[in-house]
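Asker: With the input below, show me the fold.
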Amino acid sequence: MFSMNEGESINEMHARFTKIMNSLKGFDKDYSQEDKVKKILRVLPKAWRPKVTAIQECKNLKTLSIDTLIGSLLTYEAVLKEEELFLFHRKEKTISLQAEDESDSDEGDIEEMAMFIRSMKKGFKK
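Answerer: Reported below is the predicted structural model:
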């Protein structure tokens, strides 16, 4: 059964699909344009469901050419890759704060308090 492999691009999937269709033609098995379009739409991964639904609702699958379909899918693939890249860079820029060890914090607080008291004593002596 034909399916789009994980990590496979639309161009790679289309090349495999065309090769299979050409081989089947050699055995006198030919599919209509509509059947080919429907098959391609069925094999797309779940992440592509919104695009598949949009194509099915907005386009007449009987008149939709393979080239038009592939062009539309390539555009969507570029959008998905751009979003993926954006999310990757967003994760890279995330700042993580490190908690201080409580004993270090206590020592710093004590030193700050001691400096404050010394400055107050100096103020009272004047």
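
Asker: quick one: the helices in this protein?
Answerer: With DSSP state H, the ranges of helices along the chain come out as 10-26, 33-43, 49-58, 66-92, 102-125.

Asker: Tell me which of those helices sits most buried.
Answerer: Of all the helices of the chain, helix 33-43 carries the top mean neighbour count, a mean of 16, counting by mean count of other C-beta atoms under 10 Å. Quick note: C-beta positions are derived from backbone N, CA and C, even for glycine.

Asker: What separation is there between the residue nearest the centre of the chain and Met120?
Answerer: Centroid-nearest residue in the chain: Glu84, 3.3 Å away (criterion: C-alpha atoms, centre = their mean). Remark: distance between Glu84 and Met120 (C-beta to C-beta, to the nearest Å) = 58 Å.

Asker: related to what we said a few turns ago, closest one to Met1 among the helices of the chain?
Answerer: Across the helices of the chain, Met1 has its closest neighbour in helix 33-43 (8.7 Å, C-beta to C-beta).

Asker: Next, the angle from that closest one to helix 10-26.
Answerer: For helix 33-43 against helix 10-26, the angle by axes from the mean of the first three to the mean of the last three C-alpha atoms, to 10 degrees is 130 degrees.

Asker: Make CSV out of the helices of the chain and add mean pLDDT.
Answerer: Output for the helices of the chain, formatted as CSV (pLDDT from 0 to 100):
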stretch, mean pLDDT
helix 10-26, 92
helix 33-43, 94
helix 49-58, 92
helix 66-92, 85
helix 102-125, 71
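
Asker: Ok, which of these comes nearest Ser3?
Answerer: Closest approach to Ser3 among these is made by helix 33-43 (4.9 Å; C-beta to C-beta).

Asker: what's next to that closest one, contact-wise?
Answerer: With contact meaning C-beta atoms under 8 Å, 6 or more residues apart in numbering, helix 33-43 is reached by 2-4, 13-14, 17, 21, 31, 52, 55-56, 61-62, 64-66, 69-70, 73.
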